[in-house]
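> need coordinates for the following:
(chains A, B, C, D, E, F, G, H, I and J)
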Number of protein chains: 10
Amino acid sequence: MAAADRSLLETFENPHPGRDYIIETVCPEFTSLCPKTGQPDFGTLTITYTPGPRCFELKSLKLYLQQYRDLGAFYEDVTNRILDDLVAVTAPRHMKVEAAFTPRGGIRTTVIAESRGG
Amino acid sequence: MAAADRSLLETFENPHPGRDYIIETVCPEFTSLCPKTGQPDFGTLTITYTPGPRCFELKSLKLYLQQYRDLGAFYEDVTNRILDDLVAVTAPRHMKVEAAFTPRGGIRTTVIAESRGG
Amino acid sequence: MAAADRSLLETFENPHPGRDYIIETVCPEFTSLCPKTGQPDFGTLTITYTPGPRCFELKSLKLYLQQYRDLGAFYEDVTNRILDDLVAVTAPRHMKVEAAFTPRGGIRTTVIAESRGG
Amino acid sequence: MAAADRSLLETFENPHPGRDYIIETVCPEFTSLCPKTGQPDFGTLTITYTPGPRCFELKSLKLYLQQYRDLGAFYEDVTNRILDDLVAVTAPRHMKVEAAFTPRGGIRTTVIAESRGG
Amino acid sequence: MAAADRSLLETFENPHPGRDYIIETVCPEFTSLCPKTGQPDFGTLTITYTPGPRCFELKSLKLYLQQYRDLGAFYEDVTNRILDDLVAVTAPRHMKVEAAFTPRGGIRTTVIAESRGG
Amino acid sequence: MAAADRSLLETFENPHPGRDYIIETVCPEFTSLCPKTGQPDFGTLTITYTPGPRCFELKSLKLYLQQYRDLGAFYEDVTNRILDDLVAVTAPRHMKVEAAFTPRGGIRTTVIAESRGG
Amino acid sequence: MAAADRSLLETFENPHPGRDYIIETVCPEFTSLCPKTGQPDFGTLTITYTPGPRCFELKSLKLYLQQYRDLGAFYEDVTNRILDDLVAVTAPRHMKVEAAFTPRGGIRTTVIAESRGG
Amino acid sequence: MAAADRSLLETFENPHPGRDYIIETVCPEFTSLCPKTGQPDFGTLTITYTPGPRCFELKSLKLYLQQYRDLGAFYEDVTNRILDDLVAVTAPRHMKVEAAFTPRGGIRTTVIAESRGG
Amino acid sequence: MAAADRSLLETFENPHPGRDYIIETVCPEFTSLCPKTGQPDFGTLTITYTPGPRCFELKSLKLYLQQYRDLGAFYEDVTNRILDDLVAVTAPRHMKVEAAFTPRGGIRTTVIAESRGG
Amino acid sequence: MAAADRSLLETFENPHPGRDYIIETVCPEFTSLCPKTGQPDFGTLTITYTPGPRCFELKSLKLYLQQYRDLGAFYEDVTNRILDDLVAVTAPRHMKVEAAFTPRGGIRTTVIAESRGG
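Here you go, the predicted model:
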């Protein structure tokens, strides 16, 4: 699969680094292409993290995710890759990405991946 | 009970074997036959697993499950057999199969079976 | 499409023919085959009628509908044919059949057909 | 079917006979016996009426309905008979009885009967 | 039943008398006493009206309704009396009072009364 | 009450004037001030209209409604005034404004006003 | 309280004794009699267990529970007795019985009892 | 705050003292008076406990709670006092009282207090 | 706005032209581009029609709608154009297109257009 | 960001300091301004705490939160600041602030911060 460009993700300094707190961001408008058929897939991404030094900026997250609109991506792969990209730019203490896709052929799939900060 | 053919299940290599992550697949269109009466039963299967070396492919899962359309199967048995088949072909780190059947005689039953990888 | 056998439908005499009243029967466990792909379709049938001389018997309705388990049937066609069969055996003052099918390819369809007694 | 005793229904004088108004009473704890199998049936009765000279008293309605606990009764018949009994003792300007039964064999049925006052 | 004092209801001039419009007010915290047993009853009042010359003021409505906290009141009677009092002080073009009481003895009742302005 | 400035509302030409169609716009983030207490009120506005020569532009609607953030406004008055302003700038064939406010003192109120084009 | 006859409960051999799995059975059509007043009570029983050597058969469970239709039974007592009877005939590794009764006098009660196998 | 009289609470002997089990009682019809304003407050009490030697009787609980209808009571205080009274008369192994009050001024509050038996 | 190509829409002969019946098709995965900002919009299309000589084929509908993935389209315009295209290829006795878009700036909009056959 | 004035928060002595209990307060009418665009943001605050020596008073909480109506505030920052202010005036044993904001650009965010008493 072609990779999304993680450099579109902008970050800002965690305004309260002295405290472990949680940010949950829900993106119900995720869409990508099925690499086998070229048909669009749709899903809801839920990103939950405890920020480390930096937080991701919401508008840049939106632009980053819009890249998948024209990319072929398997469910398992795209979830793990989004997690990898977000971890790379924010170095969170903990982050979880949950991707719930709409049904295909009467079957629906959710993929959940987590990263615990080093 | 006659056995479903597990060789219909196709798998692919886990694209992110270095990370424990979760795949949840919901199949609300499961149907089998009651071995006593021959009448159809209906239910929703939810398969949740942390993949090991291989993941199951969704279209082949659908074809595998369609075999039960013409098979007699007790609730407890069919749930454990599906778990056995999926474990055999994917060797997951953990897998849970939950089968929620529609009511019969005013009573509804759900069977939940789990396998922890060796 | 091969026809279901309407002779499986048993009826009984309307016990209150002097009054217009309504019987609504919901069958959430309808399944047939797609005539193009041979894949199973699933749906919920809702039959609403004001009985004339006869009512249909519920167990025979169930057996009649189970014939579709192995029949290829387009959505529009199966809804109208079930209505035709039920009207033929009960001669209702009014009858409506609503068939709500589960999503395929991200699209779901409901067909609604009505008959007003002669 | 053995008849319930309508003399258990007590009534009181409509306190506002000069105005057409509506009383809706919902009884989710109705149970009777299937005349074929002797097995219990369960359902929710909704009685809606515009009172004429008299209203039915709620506690006596409860006792009247409890008679069905030991009576065999087909869905269509029991709904019409309850309507007949309630109309006989209250002479309403309009009354509707809706009986929604729980599923049997994957099929659920609702019967709705109405009476317009003479 | 002892009467509530309608003089507690304050009104204000309809600010848009040239247009028929609708005001719906929902009061889920209504409570009165059962005249037979002295036990509290609870319910939700929904008052819907097209104002004529005057509208009722919400705080005074609250105080008016709080009088029922210590009054014995049958369901049918209290609904019609509240309608009578509100019509008397506002002379609406149309008003409906719907009183939905919580279950007693497994049975719940709603009373709906309407007034069309003269 | 001080008036909102309707000149903030921008419009565009109805792109399909030859057909009666409906546009429904829901604004769940409406807030104004209570003219008596100065405390904030909150509500959801639903504007439904069949456009005539012009449609209102959504971003300008948002800015127009934000004026109420600092304006004292009674429920009945604000609903009718918003309707008046929107009718003035778009001349719709039909328009309805429904304003559902959050509870105050255990009571919640909805105001619905309609205009039929001349 | 008169005892239900546990000998009506039929069992079958656990088809997968080598694995701890869970069977959840929901019976929303439970009814018994209040020992004080003789009035019917209604509730939903949820039985969850990890089978040991034997599983209970669903049709016999239904007939066993129908005995309570004519038995006086306090909430706390009936829940514990059903648990005792089911444990006696199946010797489960773990079993929980949850009985949720419908409201009486504005109050509703749920009783939950568990048994851990010896 | 004036105290409710706990002597109204009647108890009965725990019928199954040999087993730890749970009784949950939900009372959605709780009402008291605000000590500051004298205005009524409304809420739902949920009492969950593992009985020790004695259980509380439901009808007496209802009468005990009705005392608050005419008592001024702060949220935090009333929740803790009800817990104290119920613990005093039943000596439970564990008890939790959760009181969820309806909104006031756009804010709603729930108080949860627990007691672990000595 | 650039036009979608209606020639992608395939149709089939109405199998029951002698009866007026209704087909409702729901497409929750519609996406287009905002012509002002180029940002993606998302919505649910509901197409309801009484077929005339021809019905549209579902897979071709899906491919037709996927054209909007890369087209700029105002809400009002796209709804009316889809209606025009579907009417052109099926000549229905009646057709309604309802397009419910997800919120932008805290405001969400639905457009509903209808065509009555000539 | 300009700071809200925490001196508006009034407190009262914890009436039951001998017991760890929980107070949950939900404020669905929170609004602030986006520091970038000046546009209003909306959200629901849920404050959950185990009080130490003092509890916050609800009316003063409301006035404190209303200050944000005219303050620019980033999501992450405002949540942590409200937590800091509430901890400063009440010294709770534990406190959690959860702020769930409405969607912007198809994305919605919740921030959750906790403080454990020293």
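> please count neighbours and contacts with C-alpha atoms only from this point.
OK.
> all strands of chain A, in order?
Along chain A, the segments classed as strands by DSSP state E run A:11-13, A:21-33, A:40-50, A:54-56, A:94-101, A:108-116.
> how about the most centrally placed residue in chain A: what's its closest non-neighbour residue?
Centrality entry for chain A: nearest residue to the mean C-alpha point is A:Ile82, 4.0 Å, by CA atoms, centre = their mean. Of all residues not flanking A:Ile82 in the chain, A:Val97 sits nearest, at 7.7 Å (CA to CA, 6 or more residues apart in numbering or on different chains).
> and for A:Asp20?
A:Thr50 (6.2 Å).
> next, find the distance separating that neighbour from A:Thr44.
As for A:Thr50, its distance to A:Thr44 is 20 Å (criterion: CA to CA, to the nearest Å).
> again with A:Val89
22 Å.
> okay, A:Thr50 and A:Thr44: which has more neighbours?
Counted by other CA atoms under 10 Å in any protein chain shown, A:Thr50 and A:Thr44 do not tie: A:Thr50 has more neighbours, with 23 against 17.
> the more buried one touches A:Ala91, doesn't it?
No - with contact defined as CA atoms under 8 Å, A:Thr50 does not reach A:Ala91; the gap is 9.7 Å.
> let me have the strands of chain A in TSV, extended by mean pLDDT.
Compiled in TSV, the strands of chain A are given as follows (pLDDT from 0 to 100):
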stretch	mean pLDDT
strand A:11-13	96
strand A:21-33	97
strand A:40-50	97
strand A:54-56	97
strand A:94-101	98
strand A:108-116	96
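> between these, which one is closest to H:Val78.
For those, proximity to H:Val78 was assessed by CA to CA; strand A:21-33 is nearest, at 32.9 Å.
> tabulate the CA atom coordinates of that closest one in PDB.
Output in PDB follows, covering the C-alpha atoms of strand A:21-33 (Å, rounded to 0.1, in the frame of the first residue of the first chain):
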ATOM      1  CA  TYR A  21      -4.600  13.200  31.100                       C
ATOM      2  CA  ILE A  22      -6.500  11.700  28.200                       C
ATOM      3  CA  ILE A  23      -7.600  13.200  24.800                       C
ATOM      4  CA  GLU A  24     -10.100  11.300  22.800                       C
ATOM      5  CA  THR A  25     -10.800  12.300  19.200                       C
ATOM      6  CA  VAL A  26     -13.500  10.700  17.100                       C
ATOM      7  CA  CYS A  27     -13.500  10.900  13.300                       C
ATOM      8  CA  PRO A  28     -16.700   9.400  11.900                       C
ATOM      9  CA  GLU A  29     -15.900  10.500   8.300                       C
ATOM     10  CA  PHE A  30     -12.900   8.300   7.400                       C
ATOM     11  CA  THR A  31     -12.900   6.800   3.900                       C
ATOM     12  CA  SER A  32     -10.300   4.800   2.000                       C
ATOM     13  CA  LEU A  33     -10.200   2.400  -1.000                       C
END
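> strand A:108-116 and the lengthiest helix in chain A, what's the angle between them?
In chain A, assigned by DSSP state H, the helix with the most residues is helix A:75-90. Here helix A:75-90 runs at an angle of 30 degrees relative to strand A:108-116 (axes from the mean of the first three to the mean of the last three CA atoms, to 10 degrees).
> any buried residues in helix A:75-90, and which?
A:75-76, A:78-87, A:89-90 (16 or more other CA atoms under 10 Å in any protein chain shown).
> that older thread, closest to I:Thr102 out of the strands of chain A?
Here strand A:21-33 is closest among these (CA to CA), at 9.0 Å.
> ok now stretch A:91-105, how far from the chain's centre?
Stretch A:91-105 sits 7 Å away from the centroid of its parent chain (CA atoms, centre = their mean, to the nearest Å).
> okay, how far is it across that stretch, tip to tip?
38 Å.
> ok, residues contacting that stretch?
Applying CA atoms under 8 Å, 6 or more residues apart in numbering or on different chains, the contact partners of stretch A:91-105 are A:41-54, A:75, A:79-80, A:82-83, A:87, A:108-118, B:59, B:62, C:103-106.
> of those, buried ones?
A:41-54, A:75, A:79-80, A:82-83, A:87, A:108-115, B:62, C:103-106.
> chain B contacts on chain A?
A:76-77, A:80, A:105-114 (CA under 8 Å from any CA of the partner chain).
> ok, now how distant is the closest residue to A:Gly117 other than its chain neighbours from chain E?
Of all residues not flanking A:Gly117 in the chain, A:Arg93 sits nearest, at 4.4 Å (CA to CA, 6+ apart). Distance from A:Arg93 to chain E, counting by CA to the nearest CA, to the nearest Å: 46 Å.
> count of neighbours near A:Arg93?
By other CA under 10 Å, 17 other residues sit near A:Arg93.
> for it, give its distance to chain D.
Where chain D is concerned, A:Arg93 sits at a distance of 50 Å (CA to the nearest CA).
> what does that residue show for phi and psi?
Per-residue torsions, A:Arg93: phi -70, psi -30 (degrees, to the nearest 10).
> okay, now A:Glu98: neighbour count?
23.
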